[in-house]
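S.K.: what's the 3D shape of this:
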Amino acid sequence: MADTSDTRTPAQIEADIKRRREVLAETLDEIGVRVHPKTIVGDARAKVVANVDHTLGRAYVQVNKVVSDVKAQFVDETGSPRLERVVPVAVVAVGLVGLLVLGTRRRKG
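M.R.: Model prediction:
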């Protein structure tokens, strides 16, 4: 059987009770802050912002890769344009613009 006798003095017991009350008060304050609606909303907002930042960062990397890949198709390692690829694309672009202009004029006229 365990010995339940307490050898502490009343002053020691009171000091222990005081310390435990202080710790309990701190714990309750922390719980109050954690469950406060502003804290919950702030935490949720921070998570959303972090997810958006992460998503935007990944999107930026992907777009940058695509742009670099497309650029590599039209510019060589020295930065000079690859005319064998630029000229056909330019001709197609001019042709499309011409078709759009003709289509617009036919609708007006």
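S.K.: Can you list the low-confidence ranges for this protein?
M.R.: Along the chain, segments meeting pLDDT under 70 span 1-5, 109.
S.K.: Tell me the buried residues in the longest helix anywhere in the chain?
M.R.: If you go by DSSP state H, the chain has its longest helix at helix 37-74. Residues of helix 37-74 include none that count as buried (16 or more other Cβ atoms under 10 Å). Every C-beta, even on glycine, is put in place using the N, C-alpha and C of the backbone.
S.K.: Next one: residue 35 from residue 106, what distance?
M.R.: Distance from residue 35 to residue 106, counting by Cβ to Cβ, to the nearest Å: 68 Å.
S.K.: Ok, residue 29 next?
M.R.: 76 Å.
S.K.: likewise residue 30?
M.R.: Taken as Cβ to Cβ, the span from residue 30 to residue 106 is 74 Å.
S.K.: what's the answer for residue 60, then?
M.R.: Taken as Cβ to Cβ, the span from residue 60 to residue 106 is 42 Å.
S.K.: Show me how the record splits the chain into domains.
M.R.: For the chain, automatic domain parsing gives the domain ranges 9-74, 79-109.
S.K.: Tell me the spacing between residue 102 and residue 89.
M.R.: On the measure of Cβ to Cβ, residue 102 and residue 89 end up 21 Å apart.
S.K.: Share the number of residues neighbouring residue 75, please.
M.R.: Neighbourhood size, residue 75 [other Cβ atoms under 10 Å]: 14.
S.K.: for it, what are its contacts?
M.R.: By Cβ atoms under 8 Å, 6 or more residues apart in numbering, the contact set of residue 75 is 81, 82.
S.K.: Specify the beta-bridge partners of it.
M.R.: residue 81 (DSSP bridges).
S.K.: so residue 8 touches residue 15, yeah?
M.R.: No - counting by Cβ atoms under 8 Å, residue 8 stays clear of residue 15, with 9.1 Å between them.
S.K.: what's the overlap in contacts for those two?
M.R.: Shared contacts of residue 8 and residue 15, defined by Cβ under 8 Å, 6+ apart, are absent.
S.K.: so how far is residue 75 from residue 90?
M.R.: Distance, residue 90 to residue 75, by Cβ to Cβ: 14 Å.
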